[in-house]
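Trainee: The following comprises the amino acid sequence and a computationally predicted model.
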Amino acid sequence: MSIIKPLLCASALVAHMSASVAADNSTLAAIEQEVTEQVMAFNHAYEVNDLDAYFSFYEEGATMWFNTDFVAIADYQKDWQQMIEQGGGIEKNILSDLRVSVGPGGDAAVASYRLEVVTRVPDGNRTRDNSQESDTWFKRDGEWRIAHLHYASQPAE
């Protein structure tokens, strides 16, 4: 009879730990969905050339790599504004193969995906790129923001 009580306690502890792991997994799944929604909204703003919405997803001082070059966010924003003002813009931005990995603390995530992008440049020509993008998202003060973006493109064949 004395062995039954410790076994019951151990069984209760295992059941409690299993419930905690399930809660953690469901929490991480909910965060993954939250970040997925942010990624989709971010890419929609990009596709419709809504610069205010698009740049609102970035943290101040976010770092960026485009292909092999570091780009300051202020320069990137200025270049996009100028391109839009001159008649250029994104015409198509199709996202696929989205993967979101949430950090164990639930306040950081990496989203990686492929993009098919058609850009109209100010002279009226169009460029087509097949790209891969990885965004590092941090949740600060209840808001998900991009802290780092790495974009690698190849002209479409």
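Mentor: Ah, there it is.
Trainee: Hmm, His148 and Tyr58 touching each other?
Mentor: No - counting by Cβ atoms under 8 Å, Tyr58 stays clear of His148, with 9.6 Å between them. Placement of C-beta: from N, CA and C, glycine included.
Trainee: Report the beta-bridge partners for Leu149.
Mentor: Under the criterion DSSP bridges, Leu149 forms beta bridges with Met64, Asp135.
Trainee: And for Arg114?
Mentor: Bridge pairing for Arg114 - DSSP bridges - gives Ser96, Gln132.
Trainee: How many residues are close by it?
Mentor: Arg114 has 13 neighbours, counted by other Cβ atoms under 10 Å.
Trainee: Identify the residues contacting it.
Mentor: 95-97, 130-133 (Cβ atoms under 8 Å, 6 or more residues apart in numbering).
Trainee: now do Phe70
Mentor: Contacts for Phe70 (Cβ under 8 Å, 6+ apart) come out as 63-64.
Trainee: Bridge partners for it, pull those for me.
Mentor: Trp65.
Trainee: could you measure it against Ile31, distance?
Mentor: Relative to Ile31, Phe70 is positioned 29 Å away (Cβ to Cβ, to the nearest Å).
Trainee: Then Tyr46?
Mentor: For Tyr46, the distance to Ile31 equals 23 Å [Cβ to Cβ].
Trainee: Leu115 - nearest residue in space that isn't next to it in sequence?
Mentor: Computed as Cβ to Cβ, 6 or more residues apart in numbering, the closest residue to Leu115 that is not its neighbour in sequence is Ser131, at 4.4 Å.
Trainee: just Glu133 next, same as before
Mentor: Tyr151 (4.9 Å).
Trainee: What ranges does this protein have for its helices?
Mentor: Assigned by DSSP state H, the helices in the chain fall at 4-47, 51-56, 73-85.
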